[in-house]
Structures are given as C-alpha cells and as structure tokens.
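Colleague: Below: sequence and its predicted model.
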Amino acid sequence: MTRPEAIAALRERLAEVQRCTRSFGAVLPQTNQPGPLAFFPSVLERIRLILENEHEGATGNLAAALVEVRKDIRRHPLPDLDPDLDERTQALFLLRGERGNLIEALENALDACNVLAMPLRASPEGDLELPREAVQYSLLRALDERLRRLDSSVTRLEEAAAKADTNSAAAGANHSVNQNGLINLSVRELKVDIAAARFEAKSASDPGAPPTIDLGALARSLEAIRDTARELRELVQTLQTWVAPAVVAAGRLVAAGAERAWRGLKTLVRKVRYEREPSPQAPDAIPEDHSNPFRPPLEPRVRDADSGALLATLTGNTGPVFSVGFSPDGARLVSGGDDGTLRLWDAASGALLATLTGHEGAVYSVGFSPDGKRLVSGSDDRTLRIWDAASGALLATLTGHQGAVLSVGFSPDGARLVSGSGDYTLRLWDAASGAPLATLRGHQGAFHSVSFSPHGTLLVSGSHDRTLRLWDAASGALLATLTGHEFWVSSVGFSPDGARLVSGSSDHTLRLWDAASGAPLATLRGHEGWVTSVSFSPNGKRLVSGGEDDTLRLWDAASGALLATLTGHEGAVNSVGFSPDGKRLVSGGGDGTVRLWDATIGAI
C-alpha cells in the first residue's frame, strides 16, 4: 500500500469513528443513568476535537490520542440492568451496542495508524521495534504461557456463562440475566487482543514469526486486555446478585490472568532495556522528561527492602484495600476497601479493633479528624459518612454528589470536610452539622484526589483531565491550573510547610511543584505502572509513593533520588502514608492486605 492510499484508508476509518461517535451521542440522552450521562459527554467531545484537528491524516499524536479515549470508554462499565427499574431497558441495550461499535471503530482507526507507522509512544532511543532473536527465548515463552493460560480462562468464562444460561430455571429468579449476552462483547475483545499479543510474542524459532518484534504493539494489546478484563470483573461483580457465582469467579480469574500477563510484559521489556542500552546518566540525576513508560528505573544507591523492612501484614479485608491512614497519635490505623467496610486496627499489635459497616458500595477514601475522635469515608454509593472513632457509631451521612466519592479529608482545624467525586465536582461541608458549604467546578474529569493545605487556606485537587488545580478554601475561587502530567492525576498533597505540592499519575511519574507559583520543580521516575498514591513525610524530607507495579518507593524530596523500593504486596499498592513520627509506613493493596513498614530504611 502506498502512503497516499494509507492516508486515504486512515481518513475513511476516522469518518467511521465520527459516525459511531454521533450514534453513541444520540442514544446516550435516552438513558437515565447519572454515571454515563456525567462521564461520556466529555469523552465524546474529546473525540470530536481529535477528529477536528486531524487535517493532514498523519500526525505523531493521533495514535496516542485514540488509545486514550478508547481506554476511557472501556474503563466505564455499563450496567445490564437499570438500577432504578431493576430490569433491562431498550436504551441501555442500544447504548451498549453503540459503545461496542465505537470501540471497534477506534480499533480500526488504530490499525490504520499502525500502517502509517504512527507510534503510540516514541522512545527517546528510537522506536520499540527490535530483532526477534535479540529477545531471550525464555522471556517470550514465559509471556506466551501466561497468555495461553489467560485464553483458557476466557474459554472457561464462556463455558460458565453458557452453563448458567442452560440451568437458569434451576438457578432461581436471581439468575435471570442472559449471562452469555452480558459478557459477549468483552469476551470477543479479549480473544482478538490475546490472539494479537500471542502472535507478537512468538519466539524467533516459531513458524511464521516476523523477523522483528514490536514491543509497542505488544504493549497496546496487553494494555487493552488488562483494561477489558478489569471492566469485565467490575461488571460481573456489580451485577453479582443476578449473575451466577461461577461466572463471577471466572471473571475474577480472567482479570487476575490479565494482570499476570501485563507483569510478564513489564519483566520482558525491563530486561531487554537493561541488556541493550544501560542508562548513560549520572547516578544521582533525575531523568529528563520523556514519555516512554518502558524505560527502566535508574539505580542510584537504591536498595530493595529486605524482609526486615516489613513489620506486619494485616489481613481481614475480603477485597482490595483502597485507602489507609494513621490516627494523629499513631496508635491506630483505618482502612477502607472494595468490601464496603472501614476497619480500625491497633498500629502496634496489628489487631483488628472494629469493622464499620453502612456503606452500600466500595469505600475509596478514609481519614481521621485532626483530634482523632472522628473518621470520614467516601464511597461508590455517592455518600460521605462520619463515624465516631472510639465506638464506631455512624454519626452522619452526607449526600449530594451524583457520582462515586473518590477522595475525602478534614480541614486542619477539623471544622470542614472536602470531597472529590466522579461527578466532576469538589464539595465543602460543615464537619459538625454535615451541611453543604460550597460546590467547586472547573475540572473536566473526575476528581481523583483532594487535600487541604497545612494552614487550611488552600485546596489542591487532581483529576482525570491531567491537571492539578489550586483553590481558595474560603471562597472556592480557582487560583491556578498546573499542567504537565500526560495522563490522569491520581494523588496529590501538600508538603508539611505548604511550600510544595506532590502529585502522582497514571503516566508512571511523581511530580513536585512550587505551591506559590505553580512552577514544576522535578519529575521523579522509577515506577513501572500507574502511581496511585503519594505523600510527604512529616518533616518534609522524604516522599513515599505506591504504584500499580506492586511496590512502595521512598524518595529524597529535595533531590528526587530514589532511596528504597519496598516489595511484598501481591497486587497494586493503592494507598500509602507515613506515621505521625515518620518512622513507619502504611500501605493498602489490591491483594486485600494492609502492611506496616519500617520507614527508616530510607532515612536521610
């Protein structure tokens, strides 16, 4: 195919994306679901702008932009049943179909981008293609084996759904949903992406293997697999009242297999990078800013924590732990998780003190009041709840958000609460009465993280729109918008003196900012996945971060040097924090555990 023909093919595919976008947008208002109605319009607007700006049909950013919107569309699950009517509706059925058509159109456009050699992300050393024989046979075989097992898990999921449909009468009224229809689109997407990944993961000796291996294409396939599998798991768990237990269990196994395949890719790329091109930078230097997520971390006097760094592992949660924190005196811990509970723990012994129930969805954020007498929590059920930290009694339920409450916190004086939500708003509340004080708008995406400044005069927020924003905590006025991250901003916080900000992002980086001017100070790299949580130490000299790469990392807050990498979690580290004396760390993970660590291993 000549280049003019390839450009014409790409334009045809982009026209298809435009048609599917319009069809999806036409069906969307017919639903009465606040989640999709709040989320998808901004995504559709981004697609419109991408298509509007794509005049020449050959720009280096097109593929990356299309992958981003495809990822966002996949990450927002659509229910099979209307939660208000408790039944399937024609509007939801049409919306799911149009969503599938739009995803397929985006995939076709990405294929056309690949023909024109538009990279998803360019490496500073060049592209991500290399001779197949340069990759260790054992690495490719290990990755292919993980993909083969994942393919088997998808097949078992299909079989479980078919059996559930066959036995629906015997299973009872609760299993009246068409199981096969529920998972059909996700299964088809998984099988296509797994086949593409297995083809790219062939070893040099395999029949029909191309002479080169494209790690970028392999990464895109595995990222799509992981995103689809996660969405599938969320879907069957959300509808588990109507879905057969065997289908729910099979969905979880598929998601776990996708995570293992993704970790296999990271191992492969890390070893290839180390063997081919050792970093020429000085050991203490912070890496230059670049967008390659596969570059290996530098190794400046970094020592992985040995088993002595882990002080305790607290178990009892029945799902991933999303948020953890110390009490102001350091004597207790609080955690919140996917099982909808808060748990209080003795920070010295690790004993479970209390389990607080009441939320009707996953608990995404928890925290103590400054005096340690109250707790606040934010949940997928769209509420904040205030609890008595001594008795565990529920004191108040605060309603108003139209989406999941993803981040909550007390002001330093304990008089106010702040919350950030998937409904694109930040809200301030009176902590004593629960009365709403203000609603702040400005972000073009969900608020992933919010925090008061140490003096309580400012707020910082981080969002899906890739920005941090500074707000006046009294008036609610927007003071500054900080840009630089390439993907979602998942965690933000002030330094203890209020002079700096730290942020963590799904672009795999931490960033430091001047809180007064908003100027970027440093970009810290080392994580091999989404940076989910960040926090300053009480003296402001260190930082701790948690990531989707299953690690915690300790950093020098002045130089940006990586001090230590803590391993032990068997899943993403979703939340991290220092104890008030700075001597311990707490983390909550996707493996359902809360862990305590010795923070002095990275002491400066």
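Modeller: Ah, there it is. Since this is a predicted model, take the numbers as computed values, not measurements.
Colleague: could you pull out the strands for the stretch 401-550 of the chain?
Modeller: Counting by DSSP state E, counting those that start in this stretch, residue ranges of the strands within the stretch 401-550 of the chain are 405-410, 416-421, 425-430, 436-441, 447-452, 458-463, 468-472, 478-482, 489-494, 500-505, 509-514, 520-525, 531-536, 542-547.
Colleague: Could you list the residues in contact with stretch 251-266?
Modeller: For stretch 251-266, contacts defined as CB atoms under 8 Å, 6 or more residues apart in numbering pick out 142-143, 146-147, 149-150, 153-154, 156-157, 183, 190, 197, 218-219, 222-223, 225-226, 228-230, 232-233, 235-237, 528-529, 549-550, 571. Yep, even glycine has a C-beta here, placed from its N, CA and C like the rest.
Colleague: Stretch 227-238 now?
Modeller: Defining contact as CB under 8 Å, 6+ apart, one finds that stretch 227-238 is touched by 71, 74-75, 77-80, 182-183, 186, 189-190, 193, 243, 247-248, 251-252, 254-255, 257-259.
Colleague: could you dump that stretch to PDB, C-alpha only?
Modeller: C-alpha atoms of stretch 227-238 as PDB (Å, rounded to 0.1, in the frame of the first residue of the first chain):
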ATOM      1  CA  ASP A 227      -8.500  -2.800  30.700                       C
ATOM      2  CA  THR A 228     -11.200  -5.100  29.200                       C
ATOM      3  CA  ALA A 229     -10.600  -7.800  31.800                       C
ATOM      4  CA  ARG A 230     -10.900  -5.200  34.600                       C
ATOM      5  CA  GLU A 231     -14.100  -3.800  33.200                       C
ATOM      6  CA  LEU A 232     -15.500  -7.300  32.900                       C
ATOM      7  CA  ARG A 233     -14.600  -8.100  36.500                       C
ATOM      8  CA  GLU A 234     -16.300  -4.900  37.700                       C
ATOM      9  CA  LEU A 235     -19.400  -5.600  35.600                       C
ATOM     10  CA  VAL A 236     -19.900  -9.200  36.900                       C
ATOM     11  CA  GLN A 237     -19.200  -8.000  40.500                       C
ATOM     12  CA  THR A 238     -21.600  -5.100  40.200                       C
END
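Colleague: pLDDT of that stretch, averaged?
Modeller: For stretch 227-238, the mean pLDDT works out to 82.
Colleague: Check stretch 570-590 too.
Modeller: Here the average pLDDT along stretch 570-590 is 91.
Colleague: again with stretch 206-220
Modeller: 75.
Colleague: Start the count at 71 instead of 1 going forward.
Modeller: Sure thing, new numbering starts at 71, so read that last one as stretch 276-290.
Colleague: what's the next secondary structure element after the worst-scoring helix or strand of the chain on mean pLDDT?
Modeller: Within the chain, no helix or strand scores below strand 373-374, which has a mean of 34 by mean pLDDT, DSSP states H and E. Sequence order places strand 380-384 as the next helix or strand after strand 373-374, per DSSP states H and E.
Colleague: Leu217 against Glu270, yeah?
Modeller: No. Counting by CB atoms under 8 Å, Leu217 does not reach Glu270; the two are 9.9 Å apart.
Colleague: Need phi/psi at Gln472.
Modeller: Dihedral angles of Gln472 (phi, psi; degrees, to the nearest 10) stand at phi -100, psi 10.
Colleague: And it, how far from Thr453?
Modeller: Distance from Gln472 to Thr453, counting by CB to CB, to the nearest Å: 11 Å.
Colleague: which residues do the two both contact?
Modeller: Counting by CB under 8 Å, 6+ apart, Gln472 and Thr453 have no contacts in common.
Colleague: out of those two, which sits in the more crowded spot?
Modeller: Thr453 (21 against 15; other CB atoms under 10 Å).
Colleague: Past whichever helix or strand Arg290 is part of, which element shows up next along the chain?
Modeller: Following DSSP H and E, one finds Arg290 within helix 285-308. Using DSSP H and E, the helix or strand that directly follows helix 285-308 along the chain is helix 315-346.
Colleague: how about that following helix: buried residues?
Modeller: Buried positions in helix 315-346, judged by neighbour count with 16 or more other CB atoms under 10 Å: 316-318, 320-325, 327-329, 331-336, 338-339, 342-343.
Colleague: separation between the spatially closest residue to Thr469 that is not a sequence neighbour and Ala474?
Modeller: Excluding its sequence neighbours, the residue lying closest to Thr469 (CB to CB, 6 or more residues apart in numbering) is Thr453, at 5.5 Å. Using CB to CB, we find Thr453 at a distance of 10 Å from Ala474.
Colleague: give me the beta-bridge partners of the closest residue to Val475 other than its chain neighbours?
Modeller: Excluding the flanking residues, the one nearest Val475 by CB to CB, 6+ apart is Gly448, at 3.3 Å. On the basis of DSSP bridges, Gly448 is bridged to Ser435, Leu454.
Colleague: Next, count neighbours for Gly448.
Modeller: A count of neighbours around Gly448, defined by other CB under 10 Å, yields 32.
Colleague: so how far is Ala401 from Ala669?
Modeller: 17 Å.
Colleague: Those two - which one has more neighbours?
Modeller: Neighbour count, other CB under 10 Å: between Ala669 and Ala401, Ala669 has more, with 24 against 13.
Colleague: residue contacts, the more buried one?
Modeller: Ala669 makes contact with 607, 612, 614, 624, 648-649, 652-655 under the criterion CB under 8 Å, 6+ apart.
Colleague: That one and Lys141, how far apart?
Modeller: Distance from Ala669 to Lys141, counting by CB to CB: 34 Å.
Colleague: and the residue nearest to Val664 when sequence neighbours are not counted, how far is that from Leu422?
Modeller: Sequence neighbours aside, Leu384 is the residue nearest to Val664 in space, at 4.1 Å (criterion: CB to CB, 6+ apart). Remark: distance between Leu384 and Leu422 (CB to CB) = 7 Å.
Colleague: With Gly574 instead?
Modeller: 29 Å.
Colleague: ok, now His146?
Modeller: Distance from His146 to Leu422, by CB to CB: 34 Å.
Colleague: With Val433 instead?
Modeller: 16 Å.
Colleague: Same question for Val562.
Modeller: 30 Å.
Colleague: and those two? which has more neighbours close in?
Modeller: Neighbours were counted for Val562 and for Leu422 using other CB under 10 Å; Val562 has more, 29 against 16.
Colleague: Which pLDDT value belongs to the more buried one?
Modeller: 96.
Colleague: Test my guess that it contacts Leu528.
Modeller: No. Using CB under 8 Å, Val562 is not in contact with Leu528; the gap is 11.6 Å.
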